[in-house]
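Undergrad: output the structure for:
(chains A and B)
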Amino acid sequence: MSNYSYILLIPLLPLLTFLVLGIFGRKYFNTTAGFIGSASLLASTILSFIAAKQYFFVDGKLNGVYQKIIAFKYTWLSFSPNVSIDMGIIIDPISVMMLIVVTSVSLMVHVFSLGYMKGEERFATYYAFLSLFTFSMLGLILSVNIFQVYIFWELVGASSFLLIGYYFSKPSAVAAAKKAFIVTRFADLGFLIGILILGFYGGTLDIGLLIERLTATQSAEFINMTTASFLGASMLTWGLSLIFIGGAGKSAMFPLHIWLPDAMEGPTPVSALIHAATMVVAGVYLVARLFPIFSMDPSSLSLVTYIGAFSAFFAAVIACTQTDIKRVLAYSTMSQIGYMMFALGISKVGGEEGLGYMASLFHLFTHAFFKSLLFLGAGAVIHMVHSNEMKDMGGLRKLMPITHIAFLIACLAIAGIPPFAGFFSKEEILTAAFHSNKLIYGVALFTAALTSFYMFRLYFSIFWSKESTLQHHHGEGTWSMKLPLLILAACAVLAGFVPFSNFITSDGKALETHIDLIFSIAPVGLTLIAISIAAYLYKKENDKPSKLAAQFGILYQAAFKKFYVDELYLFITKKIIFPFIGHPIAWADKNIVDGFMLLLGKTTAKISFKIKGIQSGKVQNYTLYFFGGILILSILFIYTWK
Amino acid sequence: MNLSLLILLPIITAMAILFSNGLKQIRVIGLLGSIAQLGLASWLLKLYLNERAIGNTATYLFESNYPWFSALHINYHIGIDGISLAMILLTSLIVVAGILVSWTMDKLSKEYFFLLVLLSMGAYGFFISLDLFTLFFFLEVAVIPKFLLIGIWGSGNKQNSAMKLALMLMAGSALVFVGLMGIYYNTHTFDIVQITQIGISAGVQQFFFPFAFIGFGIFAALFPFHTWVPDGHASAPTAASMFLAGISMKLGGYGCLRIASLMPDAAHHYAWIIILLATIAIIYGAFATMMQTDLKYINAYSSISHCGFVILGIGMMNKTSINGAVIQMVSHGLMTALFFAAIGMIYSRTHTRMIAQLGGLLKAMPFISTVFVIAGLCSLGLPGFSGFVAEMTVFMGSWQNPNGVYRLATIISGASIVVTAVYILRATGKTIMGPISNEHALLGDATWNEKFAAALLITGIVIIGIAPFLLNALIGPGTDNIMLQVGKAITLK
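TA: Just a heads-up that it's a prediction; the model follows:
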């Protein structure tokens, strides 16, 4: 086994950048921060590719199976001899794949922001936050210990709070940042309790050991954990389901998705980074990381399946009605992550049955490229028209040819048209679904059609529809903005041809996959029909869409209002928690608890006021008390204690 | 090293302050004295680690013992273990920071600095005492200055707050005293080391434990005896708030821990009540914080919630949870002091602490705002800062206790991390972010002394947050010893 310790540099370089730019940036590097950030990330990206080459092609395999390599491990906080939080680096197929995805997308975003954020007052701060986020995300994917995952998980949440709230004077941005943090924090509580359960029964927090112990049906830990039960479910189910809740929060699964659309308040390149390729797939990564344990527990896996499938469908319906282009993309992200989730849920470990696992991560891989491309393209469009609303756009294909082509490629990729990247990964997911659960397959197929519909609705509304009325525009943006679009577009075309199943499978062995032409007829055909409908409705400006919306009536309104989930949350917090828990407690503390203490004080004061007359200083009174006392005592002595 | 230096140095500083004139002279002396104290504490740390490194496994190091009032077996017996050393380091950091933020205190400055130094002297004495009577003596030394600091230099309804605080803490001391008397009449000594060897009979433990524990608990904001905390903090001047949260409340937590290890039988017996009260404090404090509108009240109520973790850790009675309780004491001290410092800096510029009247301060005062956000993030338990380490250690420890009800208590306490996020982000979102008012837009940022104070406290928070194994190793032998006592209680039964 060769030396992988240089991988430590991959997360540490962005951390260093964060510290330098965060502390000295405003004063010394406010104009050069972008180059510093991009350069350090370029170094990280190159190292990631070197690592990938070394791992996948040189020494990752042992007897035809990819190995888990612990490149570095340090006991960070020890609770007991067996249970400790370790900081370390794991090298295995999924972490190396994620390294590539995170560093390359982050690099594209860094470069794109050079143009997009130019002239910002807090330019250095922006790059500092980007670096912090990248560091946290890289730390998360390299974790060897489940508590290490949690640590970086929280850091990812905090840095996304900082990035979403970057335009801090805008109240809506602040509200969105708060919402994102609090909703994911709520989910993290589940994650934390899940960790406590897994740690207690597994007797360790080390992921490798946990997997080893909890996948062996004969081990004492496994037997304890499956026999102990609470409310009818085994502790294994509880632990895994709670951990999945944490993952669902970060990955914006129903009903914890409400933060994602609002999070679009952040700068658009930020959305490309955290809401397309990195933070939102953390939940998928988490389930994939613990997949061997999940595969031992069908109940929690079916939770993953149904939540994932429902989210995919639910978000796709909403996406069809939204008018803010970033929100359409946000719901589309939620929908695609739903695909990844249910693909994991229907999978098993090993061979053909593990196809879902491979397909899920393949989709994660291709989705990262085309979705960040879509966001960056949307960013370029917003940069041009200074609005997020579809009605302010239209006819932009002539003004921004490069963006147009890139965006079209991304739309074709997400719609799953061969030979673009999304086709291959989606095809694998559908195949896996077809072979294990027909209901899920049906939902996935219908959602795929919806996806192409809303994506091309978006595409035609931005680039076709009416003629552009923009008079004064400053061109398509700088080369720093166009270059990432082109690179990502190339990835969106080519990523599907990566022989993914050779590298990443549920058991580490290469898996033979092929595209079945007959199987592809249904999804591709449906997709093409959906695209034609979108073209019919949106290619030219007309009143057909609004008529159609009117026909759907209540259903359309409900979808447009995102099925009132936000309102439900607001109701619970504003109408239940605040008035029935918060206020009474604050009131009781002032009036009852403190009131009792005050009463105690006042009563003491009152009593002493009453009896202070006894201490009058008059000798006559004292004499009176003296003789009175003697009288009483003598009576007592005489009559009672004879 | 002779530990008495820790008491002697503040006395010398206090005397020098009395004999100097003018704010400029006084504050320089105060600062030099506190820095010397910090140096002394750091040196002590080095000596301590050296001793441990060469294999000295004695429970208490640097012991010395002089008879003080031999007829009643009262000795001036001092010595430290890792836990007291951690508290000493915490105190010395807070004193330096507190003096730095009081740099422009021109009202009765001589008395002000004198009282601050006197308070720190009481705290040092308290933490090094191995004799319960000496311990009690220093506890009282640390109470009186607080009354004056709030009553004279405070704001708002300061007389009332000062009186409430002093009376409640005095009541706490009285209860502690009853508890100590009970111990004395059973063992005929005040010496902690001897008491541990002799052991207190189970009946006496059960009767006197509640007195001593609740007495110290009042200092540590134990529910429902926490009501001095919000008013006291809110009325106190900045440095006094910092001392109150960073030092005084720690006297209580430390006292509770020592009492639990001296009377382990009773601690086991009453564990469920301790855990119940701690859980209530944690979640109740968090919800009460959510409803506050004044920054100082927010921080004060959140202190109640955070100090609940100290009590919870002690109540769960295992090594991990007690480690967590100690880390939480240090962490809470630094973090709350930092928070109060930031609030003081904001208040001295904007003259308001109501979050409704503040907004967008990041634009006018980036440094102060960053400090505020860091304190907030530490408070909501973000990894990388000390709060996370402390809370997670308490959770891990509490979860080891297989009792189902205690598990439930752990989960309920865990839920506070969500509520904490809500109130911290609410306060940050309203004061630091959002639009700024025109009059606040022109205000200046932190001065050098404020920057230095904040940097000092942040350094402490970050060191614990990034390298928790250092603090863990420091307090480890101390908690091992406590667990030995607790273990004895279990085997005796």
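
Undergrad: when you work out contacts or count neighbours from here on, use the C-alpha atoms and nothing else.
TA: Fine.

Undergrad: who's in contact with the strand or helix carrying A:Ser608?
TA: If you go by DSSP states H and E, A:Ser608 is part of helix A:594-611. Under the contact criterion Cα atoms under 8 Å, 6 or more residues apart in numbering or on different chains, helix A:594-611 has outside partners A:589, B:227.

Undergrad: so how far is that helix from its chain's centroid?
TA: Relative to its chain's centre, helix A:594-611 lies at 55 Å (Cα atoms, centre = their mean, to the nearest Å).

Undergrad: which secondary structure elements does the helix or strand hosting A:Ala175 sit against?
TA: Per DSSP H and E: A:Ala175 is located in helix A:171-202. Using 3 or more Cα pairs under 8 Å, 6 or more residues apart in numbering or on different chains; DSSP states H and E, the elements in contact with helix A:171-202 are helix A:146-164, helix A:207-215, helix A:220-227, helix A:235-250, helix A:259-262, helix B:386-400, helix B:404-431.

Undergrad: what helix or strand does B:Ser64 sit in?
TA: According to DSSP H and E, B:Ser64 maps onto strand B:61-69.

Undergrad: mind checking what secondary structure the residue of the stretch 1-150 of chain A found nearest chain B has?
TA: With Cα to the nearest Cα as the measure, A:Leu77 is the residue of the stretch 1-150 of chain A nearest to chain B, at 5.2 Å. Three-state assignment for A:Leu77 (DSSP: H, G, I helix; E, B strand; the rest coil): strand.

Undergrad: got phi/psi on B:Ser437?
TA: With angles defined as degrees, to the nearest 10, B:Ser437 sits at phi -80, psi 160.

Undergrad: nearest residue to it other than its sequence neighbours?
TA: Leaving out its chain neighbours, the residue that sits closest to B:Ser437 by Cα to Cα, 6 or more residues apart in numbering or on different chains is B:Gly359, at 7.0 Å.

Undergrad: thought that neighbour was touching B:Ala427?
TA: No - in terms of Cα atoms under 8 Å, B:Gly359 does not count as a neighbour of B:Ala427; the distance is 9.7 Å.

Undergrad: the more surrounded of the two?
TA: Shown here are B:Gly359 and B:Ala427; by other Cα atoms under 10 Å in any protein chain shown, B:Ala427 has more neighbours (27 against 22).

Undergrad: how close does the closest residue to the more buried one other than its chain neighbours sit to A:Pro14?
TA: Sequence neighbours aside, B:Ile355 is the residue nearest to B:Ala427 in space, at 6.8 Å (criterion: Cα to Cα, 6+ apart). Distance of B:Ile355 to A:Pro14, given as Cα to Cα, to the nearest Å: 35 Å.

Undergrad: for A:Phe35, same thing?
TA: Distance from A:Phe35 to A:Pro14, counting by Cα to Cα: 13 Å.

Undergrad: cool, A:Ala316 as well?
TA: 35 Å.

Undergrad: which ones are touching the closest residue to chain B within the stretch 501-642 of chain A?
TA: Closest residue of the stretch 501-642 of chain A to chain B, Cα to the nearest Cα: A:Ala586 (4.6 Å). Contacts for A:Ala586 (Cα under 8 Å, 6+ apart) come out as B:287-289, B:291-292.

Undergrad: what about 6 Å?
TA: Applying Cα atoms under 6 Å, 6 or more residues apart in numbering or on different chains to A:Ala586 gives the contacts B:Ala288.

Undergrad: kindly report the same for B:Leu89.
TA: B:Leu89 sits next to B:Ala41 when contact means Cα under 6 Å, 6+ apart.

Undergrad: where does it sit, in terms of helix or strand?
TA: Going by DSSP H and E, B:Leu89 is in helix B:82-101.

Undergrad: what helix or strand is B:Asp445 on?
TA: Counting by DSSP H and E, B:Asp445 is part of no helix or strand.

Undergrad: what is the burial count for it?
TA: Neighbour tally, B:Asp445, other Cα under 10 Å: 20.

Undergrad: OK, now which residue of chain A is nearest to chain B?
TA: A:Ser169 (4.1 Å).

Undergrad: assign the closest residue to that residue other than its chain neighbours to helix, strand or coil.
TA: For A:Ser169, ignoring the flanking residues on the chain, the nearest one in space by Cα to Cα, 6+ apart is B:Gly434 at 4.1 Å. Using three-state DSSP, the structure places B:Gly434 in coil.

Undergrad: neighbours around B:Gly434, how many?
TA: B:Gly434 sits with 25 neighbouring residues when counted by other Cα under 10 Å.

Undergrad: doesn't A:Ser172 make contact with it?
TA: No - using Cα atoms under 6 Å, B:Gly434 is not in contact with A:Ser172; the gap is 8.7 Å.

Undergrad: on that earlier part again, which one of the helices and strands packed on helix A:171-202 lies closest to A:Ile89?
TA: helix A:146-164 (10.1 Å; Cα to Cα).

Undergrad: next, the residue of chain B most remote from its centre: phi, psi?
TA: Distance from the C-alpha centroid of chain B, by Cα atoms, centre = their mean, peaks at B:Asn438 (38.3 Å). Main-chain torsions, B:Asn438, degrees, to the nearest 10: phi -60, psi -40.

Undergrad: what residues does chain A have near chain B?
TA: When proximity is defined as Cα under 6 Å from any Cα of the partner chain, chain A approaches chain B at A:76-77, A:79, A:151, A:168-171, A:185-186, A:582, A:585-586, A:594.

Undergrad: who wins for neighbours among the residues you listed?
TA: If you rank the residues of chain A next to chain B by neighbour count (other Cα under 10 Å), A:Arg185 sits at the top with 25 neighbours.

Undergrad: so what's that residue up against?
TA: By Cα under 6 Å, 6+ apart, the neighbours of A:Arg185 are B:Val418.

Undergrad: ok, which stretches of the stretch 201-350 of chain B are helices?
TA: Counting by DSSP state H, counting those that start in this stretch, one finds helices in the stretch 201-350 of chain B at the ranges B:202-219, B:228-235, B:238-243, B:249-262, B:264-269, B:271-290, B:295-316, B:319-350.

Undergrad: what average pLDDT does the fifth one get?
TA: Mean per-residue pLDDT for helix B:264-269: 89.

Undergrad: now do the buried residues in that helix.
TA: B:264-268 (16 or more other Cα atoms under 10 Å in any protein chain shown).

Undergrad: residue contacts, the residue in the stretch 151-300 of chain B that chain A sits nearest to?
TA: As assessed by Cα to the nearest Cα, chain A sits closest to B:Ala288 within the stretch 151-300 of chain B, at 4.6 Å. Contact analysis of B:Ala288 by Cα under 6 Å, 6+ apart lists A:585-586.

Undergrad: try 7 Å this time
TA: By Cα atoms under 7 Å, 6 or more residues apart in numbering or on different chains, B:Ala288 lies in contact with A:582, A:585-586, B:301.

Undergrad: separation between the residue nearest the centre of chain B and B:Leu456?
TA: Nearest to the mean C-alpha position of chain B, by Cα atoms, centre = their mean, lies B:Lys250 at 2.8 Å. The gap separating B:Lys250 from B:Leu456 is 19 Å, by Cα to Cα.
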